[in-house]
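# I would like to see how this sequence folds:
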Amino acid sequence: MDRRSFLAASAALAAAPGSPAAGPASEELPFRQIHLDFHTSEWIPDVGADFRAEEFLRTLQDARVNSINVFAKCHHGYAYYDTRIAAKHPALKTDLLGEMVRVLKPAGIRVNYYYSLVWDVLQARRHPEWLQRERDGKTIGGPPTDQWPWLCMNTPYLDHVVRENEEILSRYPVDGSWFDILKQPPDGCFCQWCVEDRRKLGLLDTPEDLFRHNKLVARRVEDRLFQLTRKHVPGGAVFFNSRIIIGVRDELDVFSHIEIESLPTGGWGYTHFQQRVRYMRTLGKDVVGMTGRFHKSWGDFGGLKNQAALDYECLNFLANGVKVCVGDQLHPRGRLDPVTYRRIGRTYRKVEALEPWARGVRALTDLGVVSAAATNPERATNKIPTVDQGFTNLLLELHHQFDVLDADSDLSRYPVVIVPDEIRPVERLVRRLRDYVAAGGALLVSDRALLDPQTGQFALDLGVEYQGPGRYAQSYLLLKPEWFPAIDDQPYFLYQRGSAITARPGTETLATYGYPYFDRSPAKFSSHKQTPLGQRSPDPLITRRGKIIYIANPFFTSYALDGYGVQKQVVAALLERLLARPRVRTNLPSTAQIQVLEQPREKRVIAHVLYYPLTRRAPDLDIIEEPGLLTDVEISVRLEARPRAAYAIPSRAKIPFEFTSGYAACRLPRVEGHAAVCFES
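Have a look, this model is predicted:
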């Protein structure tokens, strides 16, 4: 089917009674999206045999879907459309991409095409010289393993990719492109093209230069494919997956929007999205959260996510101010699974009902937290650094409203900035922090964050002098009761080794070190674990100088590794000193979440409450089986002025409230899974 025939067929369908014509793309992305995988082996014989375009459309419409990413080329390297350039799947007898676009576009469903970049099994077999290579020359992925082979985008493969995409975009009237797996190995690629490229550019094989070169390679790909897409689809969607890391800011001019692929039971975990969205939503782009319908991960045929889990994950996207996408994989024969889409439809009806209060929103936050990936290229991956996992979970459990920052973030928006554990003192960040403190901002800094390895001292005046690692590997936290009256007065073990410091004149000591009789070792030990407290010392552990508080222990890393509740209590008490008027006050348990959004145009502030308890039922697998039930939930939200009304959404049922000292306070008698309150001015 050529483009002229394609458009004629689409026009005929659009003219049919009851078929709404596709209108122009709105400024804001659709809220109810599907990402449809179709990675199909050449060994499968009946590809697309059961596909019926009208049934495909009805299934999506019944599930309330209004945008979809459909496949052009998969990880196996096969095309699912009529082509003169690419390799069409040998078992496919129809133009599957063409048929999908033909029925979806006139029905008002937005259509982007999916194209796999680095993972292409067919081209890896045809051109092994294009494969990415480690320092020793070994290829990455591929035989003898069953892992996807990694092609290098710095080879002539990129020209081949551009030719294939030129054909797709010239033939099919799609709304945009969705490029998957754009990445180079964190340790660098050592194929002949990359080695020569770095030589010409004067780059060394150091971690910093390899990171720069990886960025350069990705940017070349992004530039060519962005320009190609926009040539054929002015204003169309363009997205590059695998690039959504801390530090993507300098690539976003070639992204139409941001998507956060985050399947909690597929290896990402439930903390991943919580950390990533709090960074991505600060970058000025429309954001989509993507989960999967699978019990585990992609390609999990026969594995279906619990309804409550799907509800939570999608409502959590909305609560964080982003759009919703559910990933699926089409069966090779080409028929959408009806049970799956009934389940998606139940969730998407809830999303649809909330959309009037989800358009044009932004998060209202008090805290900015610098990510460990912001200053360390080795941490700038799709994984969450341990310290980030710690502060994300801790602050969520305390119900603080926070964003995640990089070294170029605007700090002036936040009453308090947290610089945790291992943040390196890169010049531009230190400069921003100095200006922030000089303007009256408050800091919470921990352990070796901002420690200059050259001088052995902190790059910012924290009111302390660094003396080296803690005197003992196994130490105790001794809190001063007057600073922590709500915490029981007793020694608390520090599961991770901290730093030794001295306090400068004028710096207050809020907690000190306690030391064991001796450090446990194979030659010298007592009982099962650490040696008991042997001496109380005056050595400072937590200090305060003006609006800067310093903790000489990796509290946030430790919270991720050890989950010790007293560390959360201590941070809560310290933040109370630095942040007298938090955005939210509530009696919610730590297992519940509350997120506050502002809808400026409608003069609304919306508070979302989520309670879907997780249970660890398998190694590395947290399960949500049913929504949790809470009663008598109290919420107080700090507002600029008394609201005109408070009501539940989407029901619009009025909620009584009081407005005192700048806080709108209300009570929710019952929360089952999710509830949201709108304060409207």
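# count of neighbours near the closest residue to Ala573 other than its chain neighbours?
On the basis of CB to CB, 6 or more residues apart in numbering, the spatially nearest residue to Ala573 that is not a chain neighbour turns out to be Phe484, at 5.1 Å. Glycine gets a C-beta too; all of them are placed from N, C-alpha and C. Other residues within reach of Phe484 by the criterion other CB atoms under 10 Å amount to 19.
# before we move on, what about the one 10 residues further on?
Number of residues near Leu494 (other CB under 10 Å) recorded here: 27.
# do the same with the one 4 residues further on
In terms of burial, Gly498 registers 25 neighbours under the definition other CB under 10 Å.
# so it sits right up against Pro554, yeah?
Yes. Contact status for Gly498 versus Pro554: in contact at 6.5 Å, counting by CB atoms under 8 Å.
# so what sits against both of the two?
Asp447 (CB atoms under 8 Å, 6 or more residues apart in numbering).
# so which residue is dead centre in this structure?
The chain has Arg276 as the residue nearest its centroid, 2.6 Å off, counting by CA atoms, centre = their mean.
# assess the claim that it and Ile258 are in contact.
No. Applying CB under 8 Å as the test, Arg276 and Ile258 come out as separate, 9.4 Å apart.
# between these two, what contacts are shared?
Ile244.
# one step back: so who does the residue nearest to Ala573 touch?
Residues touching Phe484, when contacts are defined by CB under 8 Å, 6+ apart, comprise Leu510, Ala511, Gln569, Val570, Ala573.
# next, the second one: phi, psi?
When quoted as degrees, to the nearest 10, the phi and psi of Ala511 stand at phi -160, psi 150.
# what domains does the record give for this protein?
According to automatic domain parsing, the chain comprises the domains 3-358, 365-578, 584-680.
# would you list these in JSON lines and tack on mean pLDDT?
Rendered in JSON lines, the data for the domains of the chain read as follows (pLDDT from 0 to 100):
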{"stretch": "domain 3-358", "mean pLDDT": "92"}
{"stretch": "domain 365-578", "mean pLDDT": "96"}
{"stretch": "domain 584-680", "mean pLDDT": "97"}
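# show me where the stretch 51-200 of the chain has helices.
Along the stretch 51-200 of the chain, the stretches classed as helices by DSSP state H, counting those that start in this stretch are 53-62, 96-104, 121-126, 157-171, 192-201.
# downstream of the helix ranked longest in the chain, the next helix or strand is which one?
Under DSSP state H, the helix in the chain containing the largest number of residues is helix 207-232. Next in sequence after helix 207-232, counting helices and strands by DSSP states H and E, comes strand 237-240.
# residues in contact with that following strand: which ones?
The set of residues that contact strand 237-240 without belonging to it, under CB under 8 Å, 6+ apart, is 29, 110, 112, 175-179, 182, 218, 221-222, 225-226, 229-230, 251, 254-259.
# and stretch 417-432, by the same measure?
367-370, 372, 374-376, 387, 390-391, 402, 405, 407-409, 411, 433, 436, 441-452, 458-460, 554-557.
# out of the residues you listed, which end up buried?
By the neighbour-count criterion of 16 or more other CB atoms under 10 Å, the contacts of stretch 417-432 include these buried positions: 367-370, 372, 374-376, 387, 390-391, 402, 405, 407, 409, 411, 433, 436, 441-451, 458-460, 554-557.
# just the ones of those in strands?
Judged by DSSP state E, strands contain the following of the buried ones among the contacts of stretch 417-432: 367-370, 402, 405, 442-446, 451, 458.
# just put those in CSV and tack on distance to Leu630.
As requested, these are arranged in CSV below (distance: CB to CB, whole Å):
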residue, distance to Leu630
Leu367, 24
Gly368, 29
Val369, 27
Val370, 33
Phe402, 22
Leu405, 31
Ala442, 32
Leu443, 34
Leu444, 30
Val445, 35
Ser446, 32
Leu451, 43
Phe458, 43
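# from these, which is closest to Lys305?
When those are compared for distance to Lys305 (CB to CB), Phe402 wins out at 27.8 Å.
# list the contacts of that closest one.
Taking CB under 8 Å, 6+ apart, we find Phe402 in contact with Arg278, Thr365, Asp366, Leu367, Gly368, Val369, Leu395, Ile418.
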